[in-house]
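what's the 3D shape of this:
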Amino acid sequence: MDHNKYHIETLEQLVDAKKEAQVLRERLTRLEDAVNERDRLNVLIQAKNGQAETETRQLHERNSTLEQDVMRLQDENVALQHATEEHDALRRSLELSTQDALTKQQKVDTLEKRLRELTEEKEALTRELQLGQATARVVRVEVGVNTNPLPSPSHGSKPNGANLSVIRGASTAGPLFRARHLKQEAPATADTPAAYSPSNPSQIPATRTRLIANVPQVIPDLPDDGSTCFSRPFLSIHLGGGSQSLIVKIGCQKTLSKKFGITSYLCPNLWENPWCPTRPGMAGYMFVGLGDEIHRFVRPEDQVHELFVGVAKTNYKLMGRYQAHRVEPLTVAEWQSLPDNVRSKYCETTQRKSKDSRSVEDINAAYESGELRAPCVKLTCIDFKENLYNSLKARKTAQYSTIESSASSQCSVKRHLPARRSSNKRRRIEHEHDSDVDDDSIDCDSEYVET
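All right, here's what the predicted structure looks like:
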């Protein structure tokens, strides 16, 4: 029994050992699999690391390439910006050239139209010249007082048998005319009723002054500093155009306007435009743009004109060739800073040009409230045609010489005429105004007694 029991226990121990061995073999197998898996993973890790190193090197190389591309693109961008600026400059130049070509084409069309009118103008000027030469030979004579009675008009007799025709009209000869003419053409002074005290830059508001402070000023080389003045009829005769409007459009060019290429000029005055230039080449402003002028000085082809500024009723100074460009209208504060006489005169102009039915006081109130705003045009000098100024001055000097010569001839005629008397009657022989003499200088109050 004991022996069997021992065998049984031994067998059980062997079975347990066999099971244990089986378990150990399974564990060993798992360990071997784990080792193999670890080796495989190590191989994979090494492969991954090698691939990562390769990719890292590739990324570094690609980063270097991208940096070079960025630098190249930056250089190309700078070059593109320069090219764009050059393109914009060329485009602006092309636009200016196109506008200039349009302007020149319009001038060509205008010149062709005027050329067709030259034949008629030549005939009219020839007739005017002949008439002027004929009337220049007729002198104005004031017959002296005589105790003998004058012959009756019914007998048709003349003093001393002279066949002197009596012509009703203004005279251009004689000391009386010469004195009045010289007074009218003389530069304005403080004692002259029509004279206007020129404005100075301090009268222009600071905001407006800053806009023209850096504008280059043209300083012409003139011995008299451009002090010679011209009347509106004088300008009309020698340049063309009317003698009333502020913006003068020359329909038919005269010799001077044709020579210097003048198709229009401006004639603002200081008593309505106190911010206007007061010396040649100076920048300034004028208050223009009422009525039909509302759209003027906006287009480039409508902005360049010769500028004459009125310092007195018949005295206009040549300031130069100006660009007139419309800017912001006057503010209420700027309007109120103007002198009372300027505002009053401008309100009258507004009433006339805008056909406003309101009174001058109501129009002034509209400006003060901001309902109405006075238009403003900036004046910038481009150049000064010294030859034009000298030509106008020479023609004015020649006109004075003609008047003085006529006055001397008249004095000689008067000395040789016998004195005759008449009860408080004076007889004059007057002739029509010569075409080269200003209309404003005509003596409209001269006596006329029909005999």
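
next helix or strand past the helix-or-strand element of the chain with minimal mean pLDDT?
Every helix and strand of the chain was ranked by mean pLDDT, DSSP states H and E. The lowest is helix 175-185, at a mean of 34. Where DSSP states H and E defines the elements, the next helix or strand beyond helix 175-185 is helix 206-213.

packing partners of that following helix?
Other elements packing on helix 206-213 under the criterion 3 or more C-beta pairs under 8 Å, 6 or more residues apart in numbering; DSSP states H and E are strand 284-286, strand 376-383. Glycine gets a C-beta too; all of them are placed from N, C-alpha and C.

in the stretch 351-451 of the chain, where is pLDDT below threshold?
403-451 (pLDDT under 70).

can you show me the helices along it?
Using DSSP state H, counting those that start in this stretch, the helices of the stretch 351-451 of the chain run over residues 360-369, 386-416.

what's the end-to-end length of stretch 241-255?
13 Å (C-alpha to C-alpha, to the nearest Å).

list the buried residues of it.
Gly241, Ser243, Leu246, Ile247, Val248, Ile250, Cys252, Gln253, Lys254 (16 or more other C-beta atoms under 10 Å).

pipe those into JSON lines and attach distance to His87, secondary structure and pLDDT per row.
Formatted as JSON lines, the buried residues of stretch 241-255 follow (distance: C-beta to C-beta, whole Å; DSSP: H, G, I helix; E, B strand; the rest coil; pLDDT from 0 to 100):
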{"residue": "Gly241", "distance to His87": "43", "secondary structure": "coil", "pLDDT": "91"}
{"residue": "Ser243", "distance to His87": "50", "secondary structure": "coil", "pLDDT": "87"}
{"residue": "Leu246", "distance to His87": "42", "secondary structure": "coil", "pLDDT": "90"}
{"residue": "Ile247", "distance to His87": "38", "secondary structure": "strand", "pLDDT": "91"}
{"residue": "Val248", "distance to His87": "41", "secondary structure": "strand", "pLDDT": "93"}
{"residue": "Ile250", "distance to His87": "40", "secondary structure": "coil", "pLDDT": "92"}
{"residue": "Cys252", "distance to His87": "45", "secondary structure": "coil", "pLDDT": "89"}
{"residue": "Gln253", "distance to His87": "41", "secondary structure": "coil", "pLDDT": "89"}
{"residue": "Lys254", "distance to His87": "45", "secondary structure": "coil", "pLDDT": "91"}
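
which of the residues you listed lies closest to Leu66?
Set against Leu66, the nearest of these by C-beta to C-beta is Ile247 (65.7 Å).

what's the closest non-adjacent residue to the closest one?
In space, and not counting its chain neighbours, Ile247 is closest to Leu266: 6.0 Å by C-beta to C-beta, 6 or more residues apart in numbering.

tally of neighbours for the closest residue to Gln203 other than its chain neighbours?
Closest residue to Gln203 apart from its sequence neighbours, by C-beta to C-beta, 6+ apart: Pro274 at 6.2 Å. Pro274 has 23 neighbours, counted by other C-beta atoms under 10 Å.

mind checking the SS state of Gly310?
strand (DSSP: H, G, I helix; E, B strand; the rest coil).

pretty sure Ile280 sits against Tyr322.
Small correction: residue 280 is Pro, not Ile. No: contact status for Pro280 versus Tyr322: not in contact, 10.4 Å apart, counting by C-beta atoms under 8 Å.

common neighbours of the two, please.
Shared contacts of Pro280 and Tyr322, defined by C-beta atoms under 8 Å, 6 or more residues apart in numbering, are found at Cys381.

which of those two has more neighbours?
Per other C-beta under 10 Å, whichever of Pro280 and Tyr322 has more neighbours is Tyr322, with 28 against 23.
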